[in-house]
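Peer 1: Kindly generate the corresponding structure for this input.
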Amino acid sequence: MPRFITSDGTGLDYRVNGHGRPVVLLHGWGHSLEAYNEIVPELCRHYRCISYSHRGHGQSDVPSGGYTVSQLAEDLHELIDGLHLERPVLVGHSMGGCTVYEYISKYGCSGISGFVILDMSPKPMCEGSWNLGGAGGYCVEDLNRDLALMAQDPSQFMVRMWDRILPAFSRLPADVKDYAGTILMGNNSPFALMSLWHSINMLDHRDILGHLTVPMGYFIPETPMFAPGIEGYLRSAVSSPLTIRHFSGCSHVFPTEKPLEVAQALAEVIG
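Peer 2: Next up is the predicted model:
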């Protein structure tokens, strides 16, 4: 399988499907490029789709460091340059969306033609008057508790997280959840996951929204991981053309729950 080698020697597992305008698909925390397996066949009918696994995830390398969103944005920048992608559209789900925000913060909009965020607040942690981060008012105390659990038992953290974001999972028997927690870890590095969870929640990208020069899309599932009130904030804060789409009967993992609907909406928003 093809691998892209970053400047620090990390091999990123990636796939290219289709022809035409390039669209880079960035998966969320704890997932891999396979998160887009059911979206790519539809999307690649219209676009050249590039999907890849972040460092420490899936079949990509597990280096000793570099587990910050800033580094993920640098990896993305190098991938775009190394694969000679001309002004791609960036599509980021969850942590992938955070990576897109960080990419724009570091490199601006000149190298892309647009971007779509799938359920990711520009500031994931609730703090002070800001209550549009994680649903339920996710705050620094919650972060510290989660990091402690990840350090002690990563698979149990997976169980806790999926309890929060997927209603069907929360109804499973406890023994099934325990088994599922180990499976959900997959090939991902526990150290990478813990480090990136911290990095994601430390970031605040609200300042970039008023300086955007390319179209932005934002997709919201019926049961989002982030406060649904983010829609009103984005409409007032984003300087460029903004398209917001809602998806019924799904949760934060809606790219895998509603892949055909998401693919069709992406095609409509990308144009």
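Peer 1: any idea of the mean pLDDT in stretch 98-105?
Peer 2: Average pLDDT, stretch 98-105: 98.
Peer 1: what do you get for stretch 161-172?
Peer 2: Mean predicted confidence for stretch 161-172 is 76.
Peer 1: again with stretch 253-263
Peer 2: 96.
Peer 1: buried ones in it?
Peer 2: Within stretch 253-263, the residues scored as buried using 16 or more other CB atoms under 10 Å are 253-259, 261-263. C-beta here means a position set from N, CA and C on the backbone, and glycine is covered the same way.
Peer 1: Show me the residues you listed that map onto helices.
Peer 2: 254-257, 259, 261-263 (DSSP state H).
Peer 1: In terms of distance to residue 241, which of the buried residues of stretch 253-263 ranks first?
Peer 2: Proximity of the buried residues of stretch 253-263 to residue 241 (CB to CB) peaks at residue 262, which lies at 20.0 Å.
Peer 1: Give me the nearest residue to the closest one, chain neighbours excluded.
Peer 2: When the adjacent residues along the chain are set aside, residue 262 lies closest to residue 255, with 5.2 Å between them (CB to CB, 6 or more residues apart in numbering).
Peer 1: Likewise for residue 169?
Peer 2: Leaving aside its sequence neighbours, residue 169 sits nearest to residue 162 (CB to CB, 6+ apart; 4.4 Å).
Peer 1: Compute the distance from the centre of the helix or strand encompassing the one you found to the centre of its chain.
Peer 2: Here residue 162, judged by DSSP states H and E, is contained in helix 154-165. Relative to its parent chain, helix 154-165 has a centroid offset of 17 Å by CA atoms, centre = their mean, to the nearest Å.
Peer 1: Report all helices and strands that the following helix or strand past that helix contacts.
Peer 2: Helices and strands here follow DSSP H and E; after helix 154-165, the next one along the chain is helix 167-170. If contacts are counted by 3 or more CB pairs under 8 Å, 6 or more residues apart in numbering; DSSP states H and E, helix 167-170 sits against helix 154-165.
Peer 1: hang on, the earlier thing: count the neighbours of the residue nearest to residue 169 for me.
Peer 2: Residue 162: 21 surrounding residues under other CB atoms under 10 Å.
Peer 1: repeat for the one 4 residues further on
Peer 2: Taking other CB under 10 Å as the criterion, the count of residues near residue 166 is 18.
Peer 1: what does the one 4 residues further on give?
Peer 2: Applying the criterion other CB under 10 Å, we find 12 residues in the vicinity of residue 170.
Peer 1: strands paired with the longest strand seen in the chain, and their directions?
Peer 2: Secondary structure of the chain per DSSP state E: the longest strand is strand 242-251. Strand 242-251 pairs in its sheet with strand 216-223 (parallel), by DSSP bridges.
Peer 1: Could you pull up the residues touching residue 69?
Peer 2: 95, 98-99, 102, 196, 199-200, 203 (CB atoms under 8 Å, 6 or more residues apart in numbering).
Peer 1: Among the residues you listed, which one lies nearest to residue 108?
Peer 2: residue 102 (12.0 Å).
Peer 1: center of this structure, which residue is that?
Peer 2: Nearest to the mean C-alpha position of the chain, counting by CA atoms, centre = their mean, stands residue 96 at 2.4 Å.
Peer 1: Pretty sure that residue sits against residue 27.
Peer 2: Yes. Contact criterion CB atoms under 8 Å: residue 96 and residue 27 qualify, at 5.3 Å.
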